[in-house]
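Colleague: Fold the following.
(chains A and B)
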Number of protein chains: 2
Amino acid sequence: MTNDAEELVRARPGSDETDIYDENGNVRGDFLALVGAAIADRDTIFLRQNVTRLHESEIGDLLESLQPDQRVALVRLLGDEFDMTALTEVDEAVRREIVDQMPNEQIAAAIGELDSDDAVYILEDLDKEDREEILAQLPFTERVRLRRALDYPESSAGRRMQTEFVAVPPFWTVGQTIDYMREEEDLPYSFTQIFVIDPTFKLLGAVDLDKILRTKRSTKIETIMRETNHPIPAEMDQEDAAQLFEQYDLLSAAVVDENDRLVGVLTIDDVVDVIHEEADEDIKRLGGVGDEELSDSVFSTVRSRFLWLAINLGTALLSASVIGLFDGSIEKMIALAVLMPIVASMGGNAGTQTMTVTVRALATGDIDIYNAGRIIRREAGVGIANGALFSVIMGCIAAAWFHNYQLGFVIGAAMIINLFAAALAGILLPLLLHKVGADPAIASSVFVTTVTDCTGFFAFLGIATWWFGI
Amino acid sequence: MTNDAEELVRARPGSDETDIYDENGNVRGDFLALVGAAIADRDTIFLRQNVTRLHESEIGDLLESLQPDQRVALVRLLGDEFDMTALTEVDEAVRREIVDQMPNEQIAAAIGELDSDDAVYILEDLDKEDREEILAQLPFTERVRLRRALDYPESSAGRRMQTEFVAVPPFWTVGQTIDYMREEEDLPYSFTQIFVIDPTFKLLGAVDLDKILRTKRSTKIETIMRETNHPIPAEMDQEDAAQLFEQYDLLSAAVVDENDRLVGVLTIDDVVDVIHEEADEDIKRLGGVGDEELSDSVFSTVRSRFLWLAINLGTALLSASVIGLFDGSIEKMIALAVLMPIVASMGGNAGTQTMTVTVRALATGDIDIYNAGRIIRREAGVGIANGALFSVIMGCIAAAWFHNYQLGFVIGAAMIINLFAAALAGILLPLLLHKVGADPAIASSVFVTTVTDCTGFFAFLGIATWWFGI
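Modeller: Numbering: from 1, shown residues only, chains lettered A, B, ... in the order given. Reported below is the predicted structural model:
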């Protein structure tokens, strides 16, 4: 055992020292080796001392860094002391793998300890049968709460909310409220505001904790509450809820049912996860990969990428058939075959640039009907300007390469046409997809490169055929 | 004036009704028209009633939706009642345009009202001379605070922190602390925890407000404080700070100087902005566009995209020269010219898929030296599997299209080679760029497509030349 590793292991329980990571933010190799050896030796004492003291997200990272068989063994060895919250911090594939190996009784016991949003996060992945068996083993009130959250649609605010909150009537004083919080045992694990409700649980307002602390004990709650705190309908999509949080810098927000009754609270930490998932989704869709995660199997990855590649094959055949139209010209002037991919490739890149900006602007709501016209004109201008520049550059290169200045004119003309087409396709196709309700991130790139490939080949080979009369 | 618009305008001041947006989340056209008309008429009464009641982010959206000359006019007409915080919610180009037109005295007066993090956000964009002039007009303590924050490097936690916070000594009781907060006038606008410091401002710990509210008045603060709250060094990059927030679900964190003295507090709303900016940056870099924003001018956009297109032209010339090696073969068999872009395009897409997953995994820290080997093997497997599938499919298509089954074998072989190369390039190039300290998002896609274009053309034309002996 190295000195560093000794120090790491001796770190006192309960401290949240983050020294399980190396300087790159990966779980340290010596720590992984120690844990691996302890799992092999079934050394529960070591594991309980050194794993349970970690933060839930650190345990999550540890689980992801271990081998699949080690993960399940670790959870078994920790038994009751395994913090199920860690499972909300790992990839879905890893979570399923671990949960599938746990007996339902253990899951039920562990879920009883969790905040409701974490419990729902784990339960929603299980198949119906297991879920019902686990729910049946929970106390009545908890079962009702969780079932209500699970009844809301997937990816809704109702699924992500925490059903534990502090709510008081409007006629209470600040003093009464503070006394209540001092005496009540069953409060949420942490909270930043309390809600004000009427006897039917209808939401009247909210008060931030700092406001309560600054106010005299005799003041009535109703005089310091904010009337509206952007209550979020439980059915609202989590993305829309996240946008409200961002726009109004919220830390938490009340979730209400269709009768404006308070049913839960959505907190910023869940919203941060949503923001991350959304950005992740956009990046992956632009890159032509679906919801895949690194822990997915080879088989499921092959399957999910196959469709995208098949669509691309279709569009590649389309552009190849454009080339096929001009096979006679190419036969007579082989330089055309050498140069044609350059025109297509430059168009593809310019189109991708414009498309990226447009897709991003649509995702963040920065583009609307009032500025769309201005942005289209701007992109067309950029396309023409860069088209003109590269038309001259590539014209000179081609003329020098094949000792044929006329070929330079031809490729220059094709280049400016294709970069202009690229700009238009890059902005109009995502706008069109958005307009018809499709996600512009998912399909734009294949459409844009189809346009630029076909335009590039057709313009270059067509102009050459006409110019040289071949 | 339509009924809807009347209702909108009549909404009582101080309410935070969000009805300035239409169902797509854009600022409503009728509201824009009303504001535009009021600006033209210099109707300050209307503007003060209907614009100042809005949330800062709504004023920001309104400013972005107006024409450039209207923006400056609106800010002038609102005068003292213009909430400078709105400027933290708009694009940099819009902010500069407005601030440049404001007299320094007005900026100084407005900045005095802002939280320090918002003040720094606006000051850091100004040129040195204007900044000094504005700072000189501020009260001493505020000037010192802001200057200290501005001294930290750009994009550091010190720049983003708020210098207002509540700090108490460890020997105070909960009761004393609450009484202090009730009496003290000069508290931050909102806060979720208080810090515990020694007489030299050294950070000892922190206590969440809910903990204070749950605890008896006689309890000493030191007995309920958490010993460490992931204090963030002021020099730390904002990205790293954001990762700490995400990992440990923080709402706010102490920012300390090199002597562990408390200098400020970083809050989750700023971190959410950082997370957004980072995701934005990754998406734009993958798409080959730099830091551009929709409000940038045509000229600056052309310039920023030119470099990327120029690099792409270089790589396109490289792949064209690979084709040039085989011009004799193409002349003898024109089908090669028609089919060769298909092999390159499929490789480019497969490579982009793998690269997207890798770049994203690097950005979120999901890939490390312990699982890199496993992931490389997985990607190679996916490449071979999809390569084999598309090798058969494309082989059959080519054989049928050109009535030449041998051509089918040739393109099939080239396809499997290129999809395997694509998988390796897609994972190894980003890892390599990351290893040498470059941002994998910025350069991976151009390198990956260079590999897949060159490999695709070389494999297909090379095998054909050898097979058919041409």
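Colleague: how close does the residue most central in space within chain A get to B:Val338?
Modeller: A centroid search over chain A (CA atoms, centre = their mean) returns A:Glu277, at 1.3 Å, as the residue closest to the centre. According to CB to CB, to the nearest Å, A:Glu277 stands 43 Å off from B:Val338. Backbone N, C-alpha and C define where each C-beta goes, glycine included.
Colleague: Pick out the residue of the stretch 151-300 of chain A closest to chain B.
Modeller: A:Gly287 (2.6 Å; CB to the nearest CB).
Colleague: Looking at per-residue confidence, what score does the nearest residue to that residue once chain neighbours are set aside get?
Modeller: Nearest non-adjacent residue to A:Gly287, counting by CB to CB, 6 or more residues apart in numbering or on different chains: B:Thr356, 2.6 Å away. pLDDT, B:Thr356: 88.
Colleague: Just read off the phi/psi values of the residue of the stretch 301-450 of chain A found nearest chain B.
Modeller: Nearest residue of the stretch 301-450 of chain A to chain B (CB to the nearest CB) works out as A:Thr356 at 2.6 Å. When read as degrees, to the nearest 10, the backbone of A:Thr356 gives phi -60, psi -50.
Colleague: Might one say that it is in contact with B:Val289?
Modeller: Yes. Under the criterion of CB atoms under 8 Å, A:Thr356 makes contact with B:Val289 at 5.6 Å.
Colleague: okay, those two: which has more neighbours?
Modeller: A:Thr356 (25 against 20; other CB atoms under 10 Å in any protein chain shown).
Colleague: can you tell me how far the more buried one sits from B:Leu419?
Modeller: For A:Thr356, the distance to B:Leu419 equals 25 Å [CB to CB].
Colleague: One more: A:Glu235?
Modeller: Between A:Glu235 and B:Leu419 the distance is 44 Å, computed by CB to CB.
Colleague: same check, this time on A:Thr173
Modeller: 71 Å.
Colleague: and what of A:Leu325?
Modeller: Using CB to CB, A:Leu325 is found at 28 Å from B:Leu419.
Colleague: With neighbour numbers in mind, choose between those two.
Modeller: Shown here are A:Leu325 and B:Leu419; by other CB under 10 Å, B:Leu419 has more neighbours (30 against 14).
Colleague: what sits against the more buried one?
Modeller: Neighbour list for B:Leu419: B:346-347, B:350, B:383-384, B:386-387, B:390-391 [criterion: CB atoms under 8 Å, 6 or more residues apart in numbering or on different chains].
Colleague: ok but it is inside a strand, no?
Modeller: No. Assessed with DSSP: H, G, I helix; E, B strand; the rest coil, B:Leu419 is helix; it does not lie in a strand.
Colleague: nearest spatial neighbour of it, skipping sequence neighbours?
Modeller: Once flanking residues are discounted, B:Leu419 sits nearest to B:Gly387: 3.4 Å by CB to CB, 6+ apart.
Colleague: how near is the one you found to A:Asp179?
Modeller: Distance of B:Gly387 to A:Asp179, given as CB to CB: 70 Å.
Colleague: Tell me which of these two has more neighbours.
Modeller: B:Gly387 (26 against 14).
Colleague: give me phi/psi at the residue nearest to A:Ile393 when sequence neighbours are not counted?
Modeller: Distance criterion CB to CB, 6+ apart; nearest residue to A:Ile393, sequence neighbours excluded, is B:Leu313 at 7.0 Å. Dihedral pair for B:Leu313: phi -60, psi -40, per degrees, to the nearest 10.
Colleague: Please tell me how far B:Leu313 sits from A:Met415.
Modeller: Distance from B:Leu313 to A:Met415, by CB to CB: 10 Å.
Colleague: Show me the common contact partners of the two, please.
Modeller: Counting by CB under 8 Å, 6+ apart, the shared contacts of B:Leu313 and A:Met415 are A:346, A:390, A:394.
Colleague: Contacting chain B as well, which ones from these?
Modeller: Restricting those to those near chain B by CB under 8 Å from any CB of the partner chain leaves A:346, A:390, A:394.
Colleague: can you confirm A:Ile194 is in a strand?
Modeller: Yes. Read with three-state DSSP, A:Ile194 is one of the residues of a strand.
Colleague: where does the closest residue to it other than its chain neighbours land on pLDDT?
Modeller: Closest residue to A:Ile194 apart from its sequence neighbours, by CB to CB, 6+ apart: A:Val166 at 4.3 Å. On the pLDDT scale, A:Val166 is placed at 92.
Colleague: And the helix or strand hosting A:Ala149, what's buried?
Modeller: Following DSSP states H and E, one finds A:Ala149 within helix A:140-151. By 16 or more other CB atoms under 10 Å in any protein chain shown, the buried positions in helix A:140-151 come out as A:142, A:145-146, A:148-150.
Colleague: As a markdown table, these with distance to B:Asn371 and pLDDT would be great.
Modeller: Output for these, formatted as a markdown table (distance: CB to CB, whole Å; pLDDT from 0 to 100):
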| residue | distance to B:Asn371 | pLDDT |
| --- | --- | --- |
| A:Glu142 | 37 | 86 |
| A:Arg145 | 37 | 86 |
| A:Leu146 | 34 | 89 |
| A:Arg148 | 39 | 88 |
| A:Ala149 | 33 | 89 |
| A:Leu150 | 33 | 90 |
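Colleague: mind giving me the domain ranges of chain A?
Modeller: With domains defined by automatic domain parsing, chain A comprises A:3-160, A:167-266, A:298-468.
Colleague: Please identify the deepest-packed of those.
Modeller: The highest average neighbour count among those, using mean count of other CB atoms under 10 Å in any protein chain shown, belongs to domain A:298-468 at a mean of 21.
Colleague: Endpoints of that domain, how far apart?
Modeller: Distance across domain A:298-468, first residue to last, is 51 Å (CA to CA, to the nearest Å).
Colleague: Please compute how far it lies from its chain's middle.
Modeller: Using CA atoms, centre = their mean, to the nearest Å, the mean C-alpha position of domain A:298-468 is found 29 Å from that of the whole chain.
Colleague: Establish whether the helix or strand hosting A:Phe458 and chain B are in contact.
Modeller: Here A:Phe458 sits within helix A:440-468, counting by DSSP H and E. Yes. Helix A:440-468 comes into contact with chain B (CB under 8 Å from any CB), by way of A:449, A:453, A:457.
Colleague: so can I have CSV of those residues showing distance to B:Lys332?
Modeller: Formatted as CSV, those follow (distance: CB to CB, whole Å):
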residue, distance to B:Lys332
A:Thr449, 30
A:Asp453, 25
A:Phe457, 21
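Colleague: what sits against the residue nearest to A:Gly287?
Modeller: B:Thr356 neighbours (CB under 8 Å, 6+ apart): A:283-284, A:286-289, B:286.
Colleague: Then A:Val302?
Modeller: Neighbour list for A:Val302: B:382, B:385-386, B:389 [criterion: CB under 8 Å, 6+ apart].
Colleague: mind listing the helices in the stretch 251-400 of chain A by residue range?
Modeller: A:268-286, A:298-324, A:327-332, A:335-363, A:372-401 (DSSP state H, counting those that start in this stretch).
Colleague: Can you tell me which helices and strands the third one packs against?
Modeller: Same thing as helix A:327-332. The elements that helix A:327-332 packs onto, with contact taken as 3 or more CB pairs under 8 Å, 6 or more residues apart in numbering or on different chains; DSSP states H and E, are helix A:335-363, helix A:440-468, helix B:335-363.
Colleague: Looking at these, which is nearest to A:Ser321?
Modeller: Of all the helices and strands packed on helix A:327-332, it is helix B:335-363 that lies closest to A:Ser321, at 8.0 Å by CB to CB.
Colleague: Kindly calculate the angle that that closest one makes with helix A:268-286.
Modeller: 170 degrees (axes from the mean of the first three to the mean of the last three CA atoms, to 10 degrees).
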